[in-house]
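*Asks:* Predicted model and sequence below, questions to follow.
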Amino acid sequence: MSDITTPELEPDDNEIRVIPVTGFRNSEGEFEHWIPPVSVTTRAEDYLKKHDDVHLSDEEIRRLVQGAVEPQQLDRIRVERHRVEIGWLMVISYRAYSPMVSLAIENDRLLAEASYEADPRAGGMRTALAMPEPHRDHAVLIHPDDHKDILESVDRSAQRVLTDNPQEVGERLVERPLMLVPAAFTSESGEPADDLTAVDGNCRLAFCYHRIRVPRGWVDDSLVGEARKETVELRPSHLMRMPLPQRRELVRKVIKAEHKRLKEPRTGTSGDIKDRNRAAMALNALTIPVTVIVGYRDDDAQRGMQRFPAAVRSLLLRMNTGGKVFADGAKNAVKAEEIINGLYDEGLLGPEAQARATRDALIGRGNVASSMEDLGFASWLPDLRFALVMQQLTHKSPSFNALVRSKLQTEGRLVLSRRNGPIVELGLRSYSASMSTNSPRTALETGCLWQDLVDNWWVVENIDTDMKVDKLLARADAGETQARLLLGALGMISLVMSGHLLAAAGSAETEAGTTIARTAVGLIIKGLLDKAEGRQILADAVKRVRSAKSPRWWDPEKEELVDQPSGWRGSTYNAKLRSAVRHGFSAKGSGKEKTAAEREIDALTEFQEKLGTSLDRLRDLMDLRDENGTTDKLAWAEVEASFTQLEDLADDLRLISEPKPRAR
């Protein structure tokens, strides 16, 4: 299916034709859509009800059969098995009417931009929907949110994809199948209790709706809007409020109305051609190829349908982060949820009561406050939840590493950079409703971790008062590793989220008045933890930011924390902080003779900075080649010297560094 924009049609002499999708012909021998009567669906329903690989209720089977373009083909249809990590998904493929299918309840494309219940300030605001739950007996996703919130979510998703991912629908048929799954709702507000929803193919389905316009009055007028318009565009919320018979009747009326328009005599005017083309595009958008998940068998039979949502999610992780163009934040959000659900399903989050609370707290979509309290944490402090995300995803064990690697689809050692993205996306959900997270995301994506977090076992304590912060600082000053790591995590979150620890900017040296440490955020924190003044700054930042105050700065002459000078901005603080990590907080500064160890650290920092700059220049070259469409390989003579230098660098660096840890 093409992702190329189809421009709005201009009047011309070219008419769009209705493309046949069945063998039905009218009395003139021309193809014509025709929705079959319910009586034709009986045999297919009976067959699917008796099939051992179909795990659906009678109502769910009826919905998918009655939405088929040719339901008679579902009689004796082959049920195929699709392998996922933890079992088998059973699927059938056929052609369905697009208005009989609903959009995905939650769009992965928007995961990094939604507001989450994880933010204590999200009360009363629209937040991301809760994760779907498994049905006890059927291959169905159960959505626990209020139906009005679900309708708002699907309408928002449909509107967004119309802008973000235009599709060629109307002039052409939808050619690439949509992946569908039966869904059920626990809402008691009177809407239909079940549906058939897309879990992949939202963009195609949204554009099908976009091409179908219906007269006012055919859908719920309370959802339509502008009363002056005679026709309205279908919205997902229009369709999801309709019972199954009413949706079938809507399809029948659309077919009849559009064919009636096409049978009217041609006038040859621009308006006539444009109107006929719209009718043809509506008919072409009326049907879609689908693959429907109708059953599930877990590798562990005793689990029944418990891991069905995870199986569907596992399938989508491969589909949604490959061919589609997702922003990095959305990709990491999908992977993060996959990891947490996988850890929960495999019992790696602890005993059931603790595991469920941990899962809900980490994902941040629902039951967050109660889950944090069940785990012994203050639910009103977002930095505690962020720290919990960091702690849970920096474990190191063979079973943990194997599962996370499989979810990230990577081999080899689970290095910091691979853990970083999921941690950032889950952690930022603690602030998603109360502030812009663009700048913090940029800073954290440079690398929010340092190796000690993985090499040492640490836990998050309920540090919810200033007195507890002071005690944590005292333990860190005494050299306790657990205290240092927790202080570093909480301090980093406070500095980054308040805008005082940012990615290194080009003008930072000018603001600092000297060279700075241009390293990742996590390594800046490690540098601060190694200095008594740095630990003071971290502890003070935790207390001050929680009270909505700016962090203070260390005055080396007074040897105490002081308020920032009035002219400082967040970028100024960031530059000074990075300078202090590189040169120290001493008032004498450059006048103090550095030790041999300090000079070695400076030399290593300078080498790594220049290496990073070289990598940036190489990526610039690669980007230019992509922009220019250059595919020719560089001549060996042009790059031989560079390869020789890189090999020499690697050989020399190995002489002074520990060997690379082996993957286990």
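*Replies:* Everything's here; your move. In this text the structure is predicted, and so the values were computed from the model without any measurement. Numbering: from 1, shown residues only.

*Asks:* is it true that residue 177 touches residue 92?
*Replies:* No: using Cβ atoms under 8 Å, residue 177 is not in contact with residue 92, being 11.0 Å away. Where C-beta positions appear, they are placed from N, C-alpha and C, glycine not excepted.

*Asks:* what's the distance between stretch 494-502 and the middle of its chain?
*Replies:* 23 Å (Cα atoms, centre = their mean, to the nearest Å).

*Asks:* quick one on the thing from earlier: what is in contact with residue 177 and residue 92 at once?
*Replies:* Overlap of the contact sets of residue 177 and residue 92 (by Cβ atoms under 8 Å, 6 or more residues apart in numbering) consists of residue 291.

*Asks:* any idea how far residue 77 is from residue 232?
*Replies:* According to Cβ to Cβ, to the nearest Å, residue 232 stands 35 Å off from residue 77.

*Asks:* no no, residue 30
*Replies:* 28 Å.

*Asks:* Tell me which of the two has more neighbours.
*Replies:* Using other Cβ atoms under 10 Å, the more surrounded residue of residue 30 and residue 77 is residue 77, with 16 against 13.

*Asks:* and that one, which of the three is it?
*Replies:* When classified by DSSP: H, G, I helix; E, B strand; the rest coil, residue 77 comes out as coil.

*Asks:* Enumerate every residue touching the closest residue to it other than its chain neighbours.
*Replies:* In this structure, residue 77 finds its nearest non-sequential neighbour in residue 92, 5.3 Å apart by Cβ to Cβ, 6 or more residues apart in numbering. If you count contacts by Cβ under 8 Å, 6+ apart, residue 92 has them with 74, 77, 78, 79, 80, 291, 292, 294.

*Asks:* what's the nearest residue to residue 230 if we skip its chain neighbours?
*Replies:* Leaving aside its chain neighbours, residue 230 sits nearest to residue 216 (6.1 Å; criterion: Cβ to Cβ, 6+ apart).

*Asks:* What of residue 35?
*Replies:* residue 252 (4.9 Å).

*Asks:* Would you state the strands of the stretch 101-250 of the chain in chain order?
*Replies:* Secondary structure of the stretch 101-250 of the chain (DSSP state E, counting those that start in this stretch): strands located at 133-134, 141-143, 178-185, 194-200, 213-215, 231-233.

*Asks:* any chance of the ones you listed in TSV, plus mean pLDDT?
*Replies:* Conversion of those to TSV gives the following (pLDDT from 0 to 100):
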stretch	mean pLDDT
strand 133-134	91
strand 141-143	94
strand 178-185	95
strand 194-200	93
strand 213-215	89
strand 231-233	84
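
*Asks:* Out of the ones you listed, which is closest to residue 283?
*Replies:* Proximity to residue 283 (Cβ to Cβ) singles out strand 213-215 among the strands of the stretch 101-250 of the chain, at 12.2 Å.

*Asks:* For that closest one, enumerate the helices and strands it packs against.
*Replies:* Applying 3 or more Cβ pairs under 8 Å, 6 or more residues apart in numbering; DSSP states H and E, we find strand 213-215 packed against strand 231-233, helix 244-263.

*Asks:* Quick one: distance of the helix or strand just after the longest one to the chain centre.
*Replies:* Towards the C-terminus, the helix or strand next in line after helix 244-263, according to DSSP states H and E, is helix 270-284. Centroid separation for helix 270-284 versus its chain: 37 Å, with Cα atoms, centre = their mean.

*Asks:* Also stretch 302-318?
*Replies:* Distance of stretch 302-318 from its chain centroid, counting by Cα atoms, centre = their mean, is 17 Å.
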